[in-house]
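> just to be clear, the model below is a prediction. Sequence and coordinates:
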Amino acid sequence: MHRQRWTKAFPLTVTRFCCCKLGYHFPHYMKACAMPTNKSKSPLDNVTQSDNQSDQDDEKPWRGILLFSVVASILLAVFYTFPKPSNRDRFHAPLASKFSADFKRISEERSLTGYTFSHSTRGIDRRSDLSLQEFYDVYDGKWPVLLTDVVTAWPASNWTSSDLIAKYGTQRVSIKAVDKDLDAAISQLLQMQLLSVEPQLRDIQPPTKQGSLSTAVSLTLPLERFRQHAHQPGRPTHWFYVEDELFIPMRPELKSQLWDSPFLKEDFFQVFPSSVRPWDAMLLWGTAFSRSSLHIDPYNWTGTNAVLSGRKRWKMFPPGQDHLLSVKDNQMSGFPLNCFKYNSPLDTFDPEDWQKLSGKIDSFEFDQLPGELLIIPPGWFHQAFNVEETLAVSGQLMNRNNYRIVLEEIMKTEVISRSSLPKNIDQMTVENQIKAVLSLLPQEVLDRGKSVTESVLRQMQHSSTEFENYL
Ligand SMILES: O=C(O)CCC(=O)C(=O)O
């Protein structure tokens, strides 16, 4: 923080001072210089009205110009070569005061200097052999990137749908389903309270379009039952999407095959008490046309998404455009440690919704291929669409470049009061700061976290047989 102020304020103040001085004296210098040399009269006389200058004084204007040039050159050199404040400095704001990140500015202020790669400022870069330093300087917390040589080294890159079915076919997974032909049946089941609709989608204004994302229902099915649908050619109004937050975390033999990478190593979510640690490997297995909602991730964390097979299409929205996306206030994630949810009811892969936005909103689109890892910075709305049957896993990061954002999201829910933070918290290491904040979580919050996970697991066992009969 201090260095940030100094690097900007000091050169600017001195440059401003020099410019004022020069602006005042320069015309006089020039005028005097244009005059025939008169050793008895100082060029500054016009300014000082003094007739008593020595020969030495006569040379002052030249010395002044020279001095100014030297000082200005040094200042310019310092200004342009002094390292710009990194995200770490920016996010290392005192915890005792409220912090809000200007994501738009952050995404514009990438430290591109010193790197030869021609970084995209309008779309996505595909990078391999990327250094950790360049990752932190240019992408992490600022701009999305596709890493092409990370997932390929994981055992999980060899997962096939057949192997998963062979091993886990009878086990139930959480599914989001959209089926135009079944809408009537779904409404009936909803009335009978045998199904639940995604809460964030319930508030869509009528008339709700048949077969649209807004009619998606959540249910659980045995994995092999889902597979039968995955093999049918998808339709825009008929798709199924396994979006299961707990399937992989509950199976350590699967979890251990993911996330090995220096880019993902620093993750302060690992110091969260286990009962409130966010689930960190969501199984995403969708038929063609299946899609996520348009959202910013919970806790505004840095999102990670690894495609193992298939093809995922993304729409990414640079920060600062939330007002165009009809995001409802006060939606909650329902995570073990609750936090606000930033979901839009718009489906940007629905041509009608897209028409409402295109031309008005800044965005870019790209496809993510098998073996590619996408890193999504905080503050970026995003939506994914599976172009064909696609198997992927998503996770998250809390690291040096976003930890203040995540802590602030936790504080927003008012489970911790700022005034109870230890007085010396800002002198602690980042990890100890986070531990100090989490140690203030009331016991009932920790207990609630445990019961949320238990209740999701219980629901998984609850059979939606009435719905299954329609499928
Ligand atoms: O692949 C998807 O469906 C999107 C996942 C996603 O955006 C997320 O996990 O936050």
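Alright, I've got the coordinates.

> break the protein down into its structural domains.
As given by automatic domain parsing, the domain ranges for the chain are 2-81, 125-406+453-468.

> check the burial of residue 105 by counting its neighbours.
Counted with other Cβ atoms under 10 Å, the neighbours of residue 105 add up to 11. Bear in mind the C-beta positions are built from the backbone N, C-alpha and C, glycine included.

> and it, what's its pLDDT?
Reported pLDDT at residue 105 in the predicted model: 93.

> run through who's touching the helix or strand harbouring it.
Assigned by DSSP states H and E, residue 105 belongs to helix 103-108. Surrounding helix 103-108, the residues in contact under the criterion Cβ atoms under 8 Å, 6 or more residues apart in numbering are 87, 90, 141, 142, 143, 318, 319, 320, 377, 378, 379, 380.

> so which elements touch the helix or strand harbouring residue 432?
Take DSSP H and E as the rule and residue 432 turns out to sit in helix 430-438. Counting contacts by 3 or more Cβ pairs under 8 Å, 6 or more residues apart in numbering; DSSP states H and E, helix 430-438 is packed against helix 403-412.

> what mean pLDDT does the helix it packs on have?
94.

> start the count at 56 instead of 1 going forward.
Sure thing, new numbering starts at 56, so read that last one as helix 458-467.

> which strands and helices lie in contact with it?
By 3+ Cβ pairs under 8 Å, 6+ apart, helix 458-467 packs against helix 142-146, helix 485-493.

> mean neighbour count and mean pLDDT for these - can I get that in a markdown table?
What follows is the helices and strands packed on helix 458-467, written out as a markdown table (neighbours: other Cβ atoms under 10 Å; pLDDT from 0 to 100):
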| stretch | mean neighbour count | mean pLDDT |
| --- | --- | --- |
| helix 142-146 | 19 | 63 |
| helix 485-493 | 18 | 95 |
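
> with distance to residue 293 added, can I get the ones you listed in TSV?
Listed next are those as TSV, based on distance: least, Cβ to Cβ, whole Å:
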stretch	distance to residue 293
helix 142-146	43
helix 485-493	44
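
> go through those and name the closest to residue 380.
Of all these, helix 142-146 sits nearest to residue 380, with 24.7 Å by Cβ to Cβ.

> how close does the residue lying closest to residue 292 once chain neighbours are set aside get to the ligand?
Sequence neighbours aside, residue 266 is the residue nearest to residue 292 in space, at 2.7 Å (criterion: Cβ to Cβ, 6 or more residues apart in numbering). According to Cβ to the nearest ligand atom, to the nearest Å, residue 266 stands 18 Å off from the ligand.

> what's the burial count for residue 266?
Neighbourhood size, residue 266 [other Cβ under 10 Å]: 20.

> my read is that it contacts residue 291, right?
Yes - Residue 266 is within contact range of residue 291, at 7.2 Å (criterion: Cβ atoms under 8 Å).

> residue contacts, residue 149?
Here residue 149 is in contact with residue 481 (Cβ under 8 Å, 6+ apart).

> are we agreed that residue 495 is in a strand?
No - under DSSP: H, G, I helix; E, B strand; the rest coil, residue 495 sits outside any strand and is assigned coil.

> contacts only, for it.
Contacts of residue 495 by Cβ under 8 Å, 6+ apart are 471, 472, 475, 476.

> as CSV, these with neighbour count, secondary structure and distance to the ligand would be great.
As requested, those are exported to CSV (neighbours: other Cβ atoms under 10 Å; DSSP: H, G, I helix; E, B strand; the rest coil; distance: Cβ to the nearest ligand atom, whole Å):
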residue, neighbour count, secondary structure, distance to the ligand
471, 18, coil, 25
472, 9, coil, 30
475, 8, helix, 32
476, 18, coil, 30
